[in-house]
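>>> need a structure here:
(4 chains)
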2 protein chains.
Amino acid sequence: MAKGPVSLKAIAAHLGLTVGTVSRAMNGYPDIAKSTRDRVMEAARELGYRPNNAARSLSTGVTEVVAYIMPEQTSSLSEPFIAELLKGLGETLRKRGWDLMVTHTTSVQDELEQIDRLWNTGVVGAIVISRPLKKDPRIPLMQKLGCPFVVHGRSEADAPFAWYDVDGYEAFMAAVGHLTGLGHRHIAFVGSPLQYEFAQSRLDGYLQGLKVNGLTHDPDLIQIADISDAGGERATRQLLDLPKPPTAILAVTDTVALGVLAAIRTAGLTPGPDISVIGYDGLHFGVHTNPPLTSMEQPRAHAGRRIAEMIFNLLDGADPKDVQELQRAHLVSRSTDAPIKSTNTKQDNSVREKTQ
Amino acid sequence: MAKGPVSLKAIAAHLGLTVGTVSRAMNGYPDIAKSTRDRVMEAARELGYRPNNAARSLSTGVTEVVAYIMPEQTSSLSEPFIAELLKGLGETLRKRGWDLMVTHTTSVQDELEQIDRLWNTGVVGAIVISRPLKKDPRIPLMQKLGCPFVVHGRSEADAPFAWYDVDGYEAFMAAVGHLTGLGHRHIAFVGSPLQYEFAQSRLDGYLQGLKVNGLTHDPDLIQIADISDAGGERATRQLLDLPKPPTAILAVTDTVALGVLAAIRTAGLTPGPDISVIGYDGLHFGVHTNPPLTSMEQPRAHAGRRIAEMIFNLLDGADPKDVQELQRAHLVSRSTDAPIKSTNTKQDNSVREKTQ
DNA sequence: TTGACTTCCGAAACCGGTTTCGGCAGGCTT
DNA sequence: AAGCCTGCCGAAACCGGTTTCGGAAGTCAA
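Below is the predicted model of the structure:
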């Protein structure tokens, strides 16, 4: 019995029909008698028919698979974020019979090569990328290829494209507002390399937040770090060595914020009471850090679902410029945001000279 | 120019050959003149030939994709583990031209259905599953289907199969040994549901560790919890409410250990000095917990690579019984393992009666 | 009864590769 | 010079579906 998957031919033979007729019956063509359609459906169910994917794909020209290009350089700490995205993506795709593929790349060049390969060999029928650069070569490439795609994040591009993003600009503006409300006037920003669009917009939001709250912009309070806890730690050491260290630090991601917390603790201070820290992402493990991390939470489970739906919209013929969605982050206050210390004007380590 | 992918036919036309000849030239058949083979290769490179995947798959009957079945019920905290595995898997598969697909399932029934579908429709050519049950229906199913597969973890089965695992039994035995060396005699175990093979073997290792160290086995010190921080927290509350609470707790995973730490802190105690805690997995975020978590680390980056290689071994005809690998975990000591407190014999909360 | 019109299915081309088979041309032997 | 062997390529079947086209039956009206 169980000798490989059952083909159309098997059903046709079983019923005394031709494969063409069986195929049309299963695909709802109107030129098939109701009675034979029922017989075909019944036989398919009974025999356990499994349509060969390669054959369908070859014949129709579409492949019901979307590729998710893994952001390179993802620290293990940022993975929960991606895993939740993948879950939402995968489950929603599945509802329309699509599957999800993941691809790890080693460089920008490799990334372009993979996109070209995945699309042109017909391995996938659509692509999702995350964390775009301000000028991201992948976007014009996919546009040229004619491959349906959704970008998780925004980017500059000549032609409009489909994207899903959370408003980091607004979030960091709000975070600055929250901290000024707590009395902070000396707020630092630990960011990541500015070729990433998200890094730039969060920095811009921080700067705008300073402006609307009447604070002056001190370049020393801006540090650019790797997207990792180690990066955040290095950057924070720089900030703490300043003649006049910040009383609050905004971190571009929760991963970076972990390093910020570590550096503060290492300096003998306690995050929150001594120096406020706010991260971004709202990752769950923030409740287990020392102390629990205040963060700007973004709707993560939602992201994967929506991106999958956007893919289907594109496939159904929607104009990319109509397939764009901007969500908002909101503050989840745990233990690292606190009012400024009253004794804060005097700084022990302000005797040190500014060396640069 | 850029009008869709270049097919064999295009090359054949360009060179005045037939597709069959071009195909054989590219696949190294001996009946092709060296000169024409060179011409074909050159033309393929020049025109940017992209073999259609569906056509190849249909013709050869193999699909160069492996599916990774996502363990259901993965808390967001355990995701770093999976992400690292996927990375190793994906990168190693890519070296031989294979791609990686991920599938999220909603139930055991759905899982079996997905495996059947993925294999019988030819969407994938091999499968990897994680975290098997002691008696896992997926294994006999894949054996019946004839689908090459590797199990990440061990399981009971009639016929031998390929697996990669880390010795949890030995690890928990060693952990108990480490704690007794620190003077602990009252060691608890927070485990997960015993239908999972890994849960059972880690529990067995714990029990064996007690035995070889001459400790008696107290059933009250064994708690079974969900694989999550919340589960670990609930279980630990039970332990702390005991007339004679443990002086050390072994957690079945780092995720669970996070909850253990939280419960201990909530009770006004500090993990390490007051109660030792050892987790399992060695996840990096353990350095950021309060306090940093001691854990049994397993070689994670290695796992993905090896599993991919094992897939290829299977594909190359290896006998599944020869494709099995057992790795060891080793203790990474951070701050939650400490000598037992000398004042420990007297317990403040031991006045409470045992209620169950 | 004949013509037009449906209804319904078979036949066949096609998607883009892989692989088997057969035969032409040239060089070799005897 | 006939026969044979080898090197090399074209022709065609095949994988398992999808889709177009044409025609055989049946229906109905004139």
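>>> name the nearest residue to the closest residue to DNA strand D within the stretch 201-350 of chain A, ignoring sequence neighbours.
DNA strand D sits closest to residue A:315 of the stretch 201-350 of chain A, with a gap of 14.4 Å, by C-beta to the nearest atom of the strand. Where you see a C-beta, it was placed from the backbone N, CA and C, and this is true even at glycine. Distance criterion C-beta to C-beta, 6 or more residues apart in numbering or on different chains; nearest residue to residue A:315, sequence neighbours excluded, is residue A:148 at 5.9 Å.
>>> who's in contact with the one you found?
A:125-127, A:311, A:314-315 (C-beta atoms under 8 Å, 6 or more residues apart in numbering or on different chains).
>>> JSON lines for those residues, including secondary structure?
Formatted as JSON lines, the contacts of residue A:148 follow (DSSP: H, G, I helix; E, B strand; the rest coil):
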{"residue": "A:125", "secondary structure": "coil"}
{"residue": "A:126", "secondary structure": "strand"}
{"residue": "A:127", "secondary structure": "strand"}
{"residue": "A:311", "secondary structure": "helix"}
{"residue": "A:314", "secondary structure": "helix"}
{"residue": "A:315", "secondary structure": "helix"}
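>>> cross-check those against DNA strand C and keep the overlap.
Counting by C-beta under 7 Å from any atom of the strand, the subset of these that neighbours DNA strand C is empty.
>>> packing partners for the helix or strand of chain A with the lowest mean pLDDT?
One helix or strand of chain A scores below all others by mean pLDDT, DSSP states H and E: helix A:79-94, with a mean of 88. Contacts defined by 3 or more C-beta pairs under 8 Å, 6 or more residues apart in numbering or on different chains; DSSP states H and E place helix A:79-94 against strand A:65-69, strand A:99-103, strand A:126-130, helix A:300-315, helix B:79-94, strand B:99-103.
>>> nearest to residue B:276, out of these?
Closest to residue B:276 of the helices and strands packed on helix A:79-94, according to C-beta to C-beta: helix B:79-94, at 23.1 Å.
>>> the closest one to strand B:99-103, inter-axis angle?
If you take axes from the mean of the first three to the mean of the last three C-alpha atoms, to 10 degrees, helix B:79-94 sits at 150 degrees to strand B:99-103.
>>> ok, now which ones touch the residue lying closest to residue A:92 once chain neighbours are set aside?
In this structure, residue A:92 finds its nearest non-sequential neighbour in residue A:308, 3.5 Å apart by C-beta to C-beta, 6+ apart. Counting by C-beta under 8 Å, 6+ apart, residue A:308 touches A:66, A:88-89, A:92-93, A:98.
>>> quick check: residue A:308 vs residue A:98, distance?
Computed with C-beta to C-beta, to the nearest Å, the distance linking residue A:308 and residue A:98 is 8 Å.
>>> what of residue A:201?
31 Å.
>>> contact partners for the residue of the stretch 201-350 of chain A closest to DNA strand D?
A:125-126, A:148.
>>> over to the residue nearest to residue A:315: give its phi and psi.
Backbone geometry at residue A:148, expressed as degrees, to the nearest 10, gives phi -60, psi 140.
>>> what are the boundaries of the strands in the stretch 51-200 of chain A?
Taking DSSP state E, counting those that start in this stretch as the criterion, the stretch 51-200 of chain A contains strands spanning A:65-69, A:99-103, A:126-130, A:149-152, A:162-166, A:187-191.
>>> just to revisit the earlier point, so which of the helices and strands packed on helix A:79-94 gets nearest residue A:144?
Of these, nearest to residue A:144 by C-beta to C-beta is strand A:126-130, at 13.0 Å.
>>> that closest one vs chain B: in contact?
No. If you take C-beta under 8 Å from any C-beta of the partner chain as the test, strand A:126-130 misses chain B, and the best it gets is 12.8 Å.
>>> who are the packing partners of that strand?
Partner elements for strand A:126-130 (3+ C-beta pairs under 8 Å, 6+ apart): strand A:65-69, helix A:79-94, helix A:108-120, strand A:149-152, helix A:300-315.
>>> please identify the most buried of those.
strand A:149-152 (a mean of 26; mean count of other C-beta atoms under 10 Å in any protein chain shown).
>>> what lies in contact with that strand?
Identification of contacts with strand A:149-152 by C-beta under 8 Å, 6+ apart yields A:85, A:126-132, A:136, A:139, A:142, A:161-165, A:303, A:307, A:310-311, A:314, A:323.
>>> again, but for stretch A:224-232
Contact partners of stretch A:224-232, identified using C-beta under 8 Å, 6+ apart, comprise A:73-75, A:77-78, A:190-194, A:199, A:234-235, A:251-253, A:255-260, A:262-263, B:287-288.
>>> just the buried members of those residues?
Neighbour counting over the contacts of stretch A:224-232 (16 or more other C-beta atoms under 10 Å in any protein chain shown) leaves A:74-75, A:77-78, A:190-192, A:199, A:234-235, A:251-253, A:255-260, A:262-263, B:287-288 as the buried ones.
>>> show me the residues you listed that map onto helices.
In helices, judged by DSSP state H, the following of these are found: A:199, A:234-235, A:255-260, A:262-263.
>>> burial measure for the closest residue to chain B within the stretch 251-356 of chain A, as a count.
Taking C-beta to the nearest C-beta, chain B has its nearest neighbour within the stretch 251-356 of chain A at residue A:290, 3.3 Å off. Look at residue A:290: counted by other C-beta atoms under 10 Å in any protein chain shown, it has 20 neighbours.
>>> cheers, nothing more for now.
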